[in-house]
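Novice: just coords:
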């Protein structure tokens, strides 16, 4: 039943995009959009996505609020780095562990990190749930600690908004110990 609802939603979305591309709402555009959407969904079916999480609406709102605030704050910091006098900030590749069970939620967390100005995920170790992130302005231990707190906050909020159906013992995304951390300064 859920799969059928998702398929109907996808067809409705494709019809809406079709009508927007044509620029006017008419019966001809709606019907031709429906035909095109049905053909696309039949000829190019999407694979099923395993959903291993519940949705908590208040958690989703908290996640949206956090991402919005993070984007504003990080954009301000990056703008300041671009105009402030002095030497260029130190960049590094940092490794962080994400305690997120679902592949879909891991992808969401990685996208949130990628959206944050000053960070870009370079590699994801899907099996061990480790991400390698290029970070701008990590010249101090305080800045490195701030990065790991950001990662922990993203993990906490994603897990809060979409908790796993079968919870596993939790662990934090604290910074790795000096023996296991990987920092490559640029």
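Specialist: Thanks, I have it. For clarity, every value in this text was computed on a predicted model and none was experimentally measured.

Novice: in the chain, which helix has the most residues?
Specialist: Looking across the chain with DSSP state H, the single longest helix is helix 57-83.

Novice: please identify the buried residues of that helix?
Specialist: By neighbour count, with 16 or more other C-beta atoms under 10 Å as the criterion, the buried positions of helix 57-83 are 59, 63, 66, 67, 70, 74. Backbone N, C-alpha and C define where each C-beta goes, glycine included.

Novice: so what's the last one up against?
Specialist: Counting by C-beta atoms under 8 Å, 6 or more residues apart in numbering, residue 74 makes contact with 116, 117, 118, 119.

Novice: I'd like the mean pLDDT over stretch 110-127, please.
Specialist: Here stretch 110-127 scores 94 as its mean pLDDT.

Novice: from the chain's centre, how far out does that stretch sit?
Specialist: 8 Å (C-alpha atoms, centre = their mean, to the nearest Å).

Novice: and the end-to-end length of it?
Specialist: One end of stretch 110-127 sits 15 Å from the other (C-alpha to C-alpha, to the nearest Å).

Novice: show me what that stretch is in contact with.
Specialist: 67, 70-71, 74-75, 77-78, 81, 93, 103, 106, 130-137, 147, 150-151, 154, 158.

Novice: before we move on, which element is the residue nearest to the spatial centre of the chain in?
Specialist: In the chain, the residue lying closest to the centroid (C-alpha atoms, centre = their mean) is residue 111, at 2.4 Å. Following DSSP states H and E, one finds residue 111 within helix 103-115.

Novice: and of the contacts of residue 74, the nearest to residue 13?
Specialist: residue 116 (27.4 Å; C-beta to C-beta).

Novice: how near is the closest one to residue 104?
Specialist: Residue 116 sits at a distance of 20 Å from residue 104 (criterion: C-beta to C-beta, to the nearest Å).

Novice: between those two, which one's more packed in?
Specialist: residue 116 (21 against 15; other C-beta atoms under 10 Å).

Novice: where does the protein dip in pLDDT?
Specialist: Applying pLDDT under 70 to the chain flags residues 1-6, 167-186.

Novice: please redo it, this time with the cut-off set to 50
Specialist: Filtered on pLDDT under 50, the chain yields the residue ranges 170-174, 177-182, 185.

Novice: so where does residue 37 fall, helix or strand?
Specialist: Following DSSP H and E, one finds residue 37 within helix 27-43.

Novice: give the buried residues for that helix.
Specialist: Neighbour counts over helix 27-43 (16+ other C-beta under 10 Å) mark 29, 33, 37 as buried.

Novice: also stretch 81-94?
Specialist: In stretch 81-94, counting by 16+ other C-beta under 10 Å, buried: 89, 92, 93, 94.
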